[in-house]
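Asker: attaching a predicted model along with its sequence, questions to come.
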Amino acid sequence: MNILLINPPRSGENKIYEYASAEAKKFIHRKLIGPPLGLLTVAAAVKDYNVTLIDMKGEYDLNPDTPTLKIFTLNLLKEYNPDIVGVTFIASEYDFGLEIFETAKQFNASITNVAGGLHTTLCPEDFMKQAVDIIAPGQSAGIFHDIVCAVDNKKSFDVIPGIYRNVDGEFKFTFDNLNWDAAGKDFLMPDRNLLKRWINTYKVGNHPHPSTYLFTSLGCPYKCSFCSIWPQFNGKYCQRNIESIIEELKLCCDYPVVRFADANTIVDNEFIVNLFDRIYEEGIIKDYIMDVRFDTAVKNPKLIEKLAKSGLKVVICGFESPKEEELKHYNKGANAKYISEAINIFNDNGIMLRGNYVVPPNYNEDDFKYLAEYANSHKVVYAGYTILTPMPGTLYYEEMKNEIIDIDLKKYNFFNSVMKTKLPLEKFYENMGNLWLIKKGSDVI
């Protein structure tokens, strides 16, 4: 049984970059950097089979002369002759994933195509297409194992929980899957050796060493209206076992930099203290990157100090907006006045802070001027400015869906406005590009 797992290419749609000045272009992100942790977990679930994992993002980064997606996919199909092709999806990569499935069916109609990932969880209806055989939403590593076993043993898919299966062009849901505990008893240790070919593409900024993702929790206890993480987990928040995290850190010997892939790494203070105490006891030395809310930093300055002494080098912090009314609209659950206090706390502890703002499409010149003045007086080492986007499956999408004028999912990556802008479009993007020039440093870790 041959299994081919594919992380599709990233979308290149980036209007902010396109309209930005040459100076601003140096700082505007065009890549999501990091290994496909979800697919590594899926691969771990079926490690007793012949599994190949292809990171197309890494391949295109490694070799810009890599052929078009269709030819690349055909070459992989010829080389590995898979019985099953699994693709992980986020919204902006939806079209690429479908093209992979369509190519697989053209190559061999008997291949079983399985769709998983964030976008399948939030919008399973988008995958009810001829080239898709099974939709596996949610934390589906265990489900994928059952799918593989069913294909291998020519058994029915009807007994597999939580999937949509294509029956003569009509998709039928089996039954709810409530038992898989991906952060607890069912946690699967990822095998990063599957990504050796692309390891040098997983470098952040100009850091000389590769970074890897590692999650200490799944879900989020907060409910920001624009966020897709808490809807993905139905509002649940699950913490991993500390010893499991320690074991995984020990296995990450090729990665001196670890990015905690949590919505918010600091939720349970006692847990984080105990985790970093164990990291110290085990003599694990790495540079850590984590997401921390600005109000969390203000309420726990001593904890931030401890983490800084224990290897925390970079914090990613969603400022969202300096305007209190906008934070309330986003259901952020934090006061804007804490932003400046948080910046001081991180700076005082030598932590390089990435502060991210989101800009609504209805901003006028005065709004841009206000944000620029605020960001200039509250500078951080890294600064990110993206466009508030109604991502499918979020509360904000439900609120704004009648205002959407562009349904091309390749543009749903926060660098394109899919709603009408108040300013002329070129002027809006010009203002967005100018914001990226505001920072203390040069985006070098």
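Answerer: Good, I have the coordinates.

Asker: list the buried residues in stretch 58-73.
Answerer: Neighbour-count burial for stretch 58-73, counted by 16 or more other C-beta atoms under 10 Å, picks out 58-61, 69, 72-73. Backbone N, C-alpha and C define where each C-beta goes, glycine included.

Asker: how about the spatially closest residue to residue 431 that is not a sequence neighbour, phi and psi?
Answerer: With C-beta to C-beta, 6 or more residues apart in numbering as the criterion, residue 431 has its nearest non-adjacent residue at 4.3 Å, and that residue is residue 368. When read as degrees, to the nearest 10, the backbone of residue 368 gives phi -60, psi -40.

Asker: list the contacts for residue 368?
Answerer: Shown in contact with residue 368 (C-beta atoms under 8 Å, 6 or more residues apart in numbering): 359, 431, 434-435.

Asker: with residue 313 instead?
Answerer: 287-289, 351-352, 445.

Asker: quick one: which of the residues you listed is nearest to residue 258?
Answerer: The closest of the contacts of residue 313 to residue 258 turns out to be residue 288 (C-beta to C-beta; 5.5 Å).

Asker: what's around residue 223, how many residues?
Answerer: 15 (other C-beta atoms under 10 Å).

Asker: repeat that for residue 373.
Answerer: Neighbour count for residue 373, taken as other C-beta under 10 Å: 12.

Asker: quick check: pLDDT value at it.
Answerer: Listed pLDDT for residue 373 reads 96.

Asker: using the three-state scheme, assign it.
Answerer: Counting by DSSP: H, G, I helix; E, B strand; the rest coil, the backbone at residue 373 sits in helix.

Asker: now do residue 389
Answerer: Applying three-state DSSP: residue 389 is coil.

Asker: for the closest residue to it other than its chain neighbours, report the pLDDT, please.
Answerer: Closest residue in space to residue 389, ignoring its immediate chain neighbours: residue 414 at 5.3 Å, by C-beta to C-beta, 6+ apart. pLDDT for residue 414: 96.

Asker: torsion angles phi and psi at residue 414?
Answerer: Dihedral pair for residue 414: phi 80, psi 10, per degrees, to the nearest 10.

Asker: for it, give its distance to residue 296.
Answerer: 23 Å (C-beta to C-beta, to the nearest Å).

Asker: list the buried ones in stretch 70-86?
Answerer: 72-74, 76-77, 80, 82-86.

Asker: okay, and which of those map to helices?
Answerer: 72-74, 76-77, 80 (DSSP state H).

Asker: quick one: these as TSV, columns for distance to residue 314 too.
Answerer: Listed next are those as TSV, based on distance: C-beta to C-beta, whole Å:
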residue	distance to residue 314
72	33
73	35
74	40
76	34
77	39
80	37
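
Asker: closest to residue 407 among the residues you listed?
Answerer: When these are compared against residue 407 (criterion: C-beta to C-beta), the nearest one is residue 73, at 24.7 Å.

Asker: would you map out the domains in the chain?
Answerer: By the assignment in automatic domain parsing, the chain contains the domains 2-173, 203-435.

Asker: nearest to residue 197, out of the ones you listed?
Answerer: It's domain 2-173; of those, that one is closest to residue 197 (C-beta to C-beta) at 7.2 Å.

Asker: just the terminal-to-terminal distance for the closest one.
Answerer: Domain 2-173 has its terminal residues 26 Å apart, counting by C-alpha to C-alpha, to the nearest Å.

Asker: rewinding a little: out of the domains of the chain, which gets nearest to residue 185?
Answerer: domain 203-435 (9.2 Å).

Asker: measure how far the closest one is from the centre of its chain, please.
Answerer: 11 Å (C-alpha atoms, centre = their mean, to the nearest Å).

Asker: one step back: which of the domains of the chain sits closest to residue 181?
Answerer: Among the domains of the chain, the nearest to residue 181 by C-beta to C-beta is domain 203-435 (7.3 Å).

Asker: okay, how far is it across that closest one, tip to tip?
Answerer: 24 Å.

Asker: if we can go back for a sec, quick one: contacts for the residue nearest to residue 389?
Answerer: 358, 386-387, 389.

Asker: can you put the ones in helices among the buried residues of stretch 70-86 in TSV and add pLDDT?
Answerer: Formatted as TSV, these follow (pLDDT from 0 to 100):
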residue	pLDDT
72	98
73	98
74	98
76	98
77	98
80	98
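
Asker: just the pLDDT for residue 106.
Answerer: The model's pLDDT for residue 106 equals 98.

Asker: can you check residue 326 too?
Answerer: pLDDT, read off for residue 326, is 97.

Asker: quick revisit: spatially, which two of the ones in helices among the buried residues of stretch 70-86 are the most separated?
Answerer: Farthest pair in these (C-beta to C-beta) is 72 and 80. Separation: 12.6 Å.

Asker: now the element after whatever helix or strand residue 342 lives in, going C-ward?
Answerer: If you go by DSSP states H and E, residue 342 is part of helix 338-348. Downstream of helix 338-348, the first helix or strand assigned by DSSP H and E is strand 352-359.

Asker: who are the packing partners of that following strand?
Answerer: strand 312-320, helix 338-348, helix 365-377, strand 382-387, helix 425-435 (3 or more C-beta pairs under 8 Å, 6 or more residues apart in numbering; DSSP states H and E).

Asker: now it - C-alpha only, CSV.
Answerer: C-alpha atoms of strand 352-359 as CSV (Å, rounded to 0.1, in the frame of the first residue of the first chain):
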residue,chain,number,x,y,z
MET,A,352,12.3,40.4,19.9
LEU,A,353,8.7,41.3,19.4
ARG,A,354,6.6,40.9,16.3
GLY,A,355,3.5,43.1,16.6
ASN,A,356,0.8,42.4,14.1
TYR,A,357,-1.9,44.8,13.1
VAL,A,358,-5.0,44.1,10.9
VAL,A,359,-6.4,46.8,8.7
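
Asker: ok, that strand: who's next to it in the sheet?
Answerer: strand 312-320 (parallel), strand 382-387 (parallel) (DSSP bridges).

Asker: rewinding a little: can you redo the contacts of residue 368 as TSV with distance to residue 228?
Answerer: TSV is the format used below for the contacts of residue 368 (distance: C-beta to C-beta, whole Å):
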residue	distance to residue 228
359	18
431	26
434	28
435	24
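
Asker: ranges for the helices of the stretch 101-250 of the chain?
Answerer: Remark: helices assigned in the stretch 101-250 of the chain by DSSP state H, counting those that start in this stretch are 118-122, 141-152, 229-232, 242-251.

Asker: doesn't residue 4 lie inside a helix?
Answerer: No - if the criterion is three-state DSSP, then residue 4 is strand and not within a helix.

Asker: show the model's pLDDT score for residue 32.
Answerer: 70.

Asker: neighbours around it, how many?
Answerer: Residue 32 has 12 nearby residues by other C-beta under 10 Å.

Asker: separation between the closest residue in space to it that isn't next to it in sequence and residue 43?
Answerer: The spatial neighbour of residue 32 that comes closest, neighbours along the chain excluded (C-beta to C-beta, 6+ apart), is residue 10 at 5.7 Å. Per C-beta to C-beta, residue 10 is found 20 Å from residue 43.
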